[in-house]
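# Here is my input, please return the structure:
(chains A, B, C and D)
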There are 2 protein chains.
Amino acid sequence: MTQSTEDLLELDQQVCFALAVASRNVIALYRPILEPLGLTHPQYLVMLALWGKAPLRFGEVAELLRLDPATLSPLVKRLEQSGLIERHPVEGDERTFELVPTESGRALREQALGVPPAVIEQLGMPIDRLVALRDELTAVIDATDPVK
Amino acid sequence: MTQSTEDLLELDQQVCFALAVASRNVIALYRPILEPLGLTHPQYLVMLALWGKAPLRFGEVAELLRLDPATLSPLVKRLEQSGLIERHPVEGDERTFELVPTESGRALREQALGVPPAVIEQLGMPIDRLVALRDELTAVIDATDPVK
DNA sequence: ACATATTCGTTTGTGCACAAACAAGATAGG
DNA sequence: CCTATCTTGTTTGTGCACAAACGAATATGT
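Prediction:
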């Protein structure tokens, strides 16, 4: 099946625009659900990482979440200020530090358990659609990841 | 095939995170390509809209690109300041205005023709993958679009 | 040991996303 | 009319994304 150059250009526009809109829309879906927890979506991702495994170094969190250190730095500061995490020195390297949830940070996990089901319900998409989407997104990320 | 609740929750995380990362990565792909044109990606989308059909009212552009007026307002101001577009009054409604590319805005279109092929090439993904992705993204947008 | 280079996080500046409050023009009801 | 309501874009404030410059600590090479 032959495909004209115009088709490709058109498709390209649609894919990139659709990607941006879908991303914003889904994050907007999280917003009212995360609001009672006092978290933004990026902050929620950091807490998820630390609930899964702590301590993590600053740089490890940045790499896991594909966040620029310049973005993560003030974000961490806000989570500290909210009393959800704290930083501890790393033995033998004064440049970096480890992050761990505080007591109230760990307590917040209980509330956070309700987040994913709420999002899934709001999305209302069949599971196979989500699986297909994840696979395509993974391909895009592999094709574009600046990390190698 | 049975699917546990944990799987669903896990999948949710993966989809939303992958969506955010893929969106940022693809926009980052555009960045060096758009840089010679002096455009950011959202600005490029506005120019695309106006190259396709002008004049367009402020509100029409906002709706087309799914941009909040509060986001579009300063963005338009920057495009005016770059001399790429200008606003014209609308007969019979003093609240709004129309946007049209200036002469140099129209001239920029020639350079912009090279953008999509460059992006496609950098992406290096087979077309059927892109088609599948677009279809899945469309489903997500339909499921989440706040505009009904 | 010491100079050089690299790693690591922070700071500053610009632009985008979004909520909330706002202001001015248009519309509808009485 | 003329007042209340709705539309439309702007402004302000917060947070995120990213580039560039920076400073401090560590690693490397000789």
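
# for the longest strand belonging to chain A, packing partners?
Ranked by number of residues, the top strand in chain A under DSSP state E is strand A:93-101. On a contact count with 3 or more C-beta pairs under 8 Å, 6 or more residues apart in numbering or on different chains; DSSP states H and E, strand A:93-101 meets helix A:41-52, strand A:56-57, helix A:58-64, strand A:85-90. C-betas here are computed from N, CA, C, even on glycine.

# by contact count, what packs against the very next helix or strand once past it?
Sequence-wise, the next helix or strand downstream of strand A:93-101 (DSSP states H and E) is helix A:103-112. Counting by 3+ C-beta pairs under 8 Å, 6+ apart, the packing neighbours recorded for helix A:103-112 are helix A:41-52.

# ok, the helix it packs on near DNA strand C or not?
No - using C-beta under 7 Å from any atom of the strand, helix A:41-52 stays clear of DNA strand C, coming no nearer than 10.1 Å.

# ok, back up a step: quick one: residues in contact with the longest strand of chain A.
A:46-47, A:50-51, A:54-59, A:61, A:76, A:84-90, A:108-109 (C-beta atoms under 8 Å, 6 or more residues apart in numbering or on different chains).

# quick revisit: now the helices and strands packed on strand A:93-101 in a markdown table, with mean neighbour count?
Formatted as a markdown table, the helices and strands packed on strand A:93-101 follow (neighbours: other C-beta atoms under 10 Å in any protein chain shown):
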| stretch | mean neighbour count |
| --- | --- |
| helix A:41-52 | 19 |
| strand A:56-57 | 16 |
| helix A:58-64 | 17 |
| strand A:85-90 | 15 |
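
# wait, which of the ones you listed is closest to B:Pro42?
B:Pro42 lies closest, by C-beta to C-beta, to one member of the helices and strands packed on strand A:93-101: helix A:41-52, at 19.4 Å.

# longest helix in chain A, by residue count?
Longest helix of chain A, by residue count under DSSP state H: helix A:5-34.

# how about that helix: buried residues?
A:9, A:11-27, A:29-30, A:33-34 (16 or more other C-beta atoms under 10 Å in any protein chain shown).

# and chain A, what are its domains?
A:1-37+A:114-148, A:40-105 (automatic domain parsing).

# Quick one: mean pLDDT for the first one?
Averaged across domain A:1-37+A:114-148, pLDDT comes to 87.

# Same check on stretch A:89-98?
Mean predicted lDDT for stretch A:89-98 stands at 96.

# how about it, does it reach DNA strand D?
Yes - using C-beta under 7 Å from any atom of the strand, we find that stretch A:89-98 touches DNA strand D at A:92-95.

# Identify the residue nearest the geometric centre of chain A.
Nearest residue to the geometric centre of chain A (C-alpha atoms, centre = their mean): A:Leu45, 4.4 Å.

# what's that one in contact with, if anything?
The contact partners of A:Leu45, taken as C-beta under 8 Å, 6+ apart, are A:65, B:17.

# near DNA strand C, which residues of chain A show up?
With C-beta under 7 Å from any atom of the strand as the criterion, chain A meets DNA strand C at residues A:20, A:24, A:27-28, A:31, A:57-59, A:62, A:69-70, A:72-74, A:76, A:95-97.

# If we use 10 Å, what do you get?
Counting by C-beta under 10 Å from any atom of the strand, chain A comes close to DNA strand C at A:20-21, A:23-29, A:31-32, A:35, A:56-63, A:68-77, A:80, A:87, A:90, A:93-99.

# re the thing from before, ok, which of the helices and strands packed on strand A:93-101 comes nearest B:Pro117?
helix A:58-64 (32.1 Å).

# Indicate whether the closest one makes contact with chain B.
No - shown here: helix A:58-64 not in contact with chain B (C-beta under 8 Å from any C-beta of the partner chain), separated by at least 9.9 Å.
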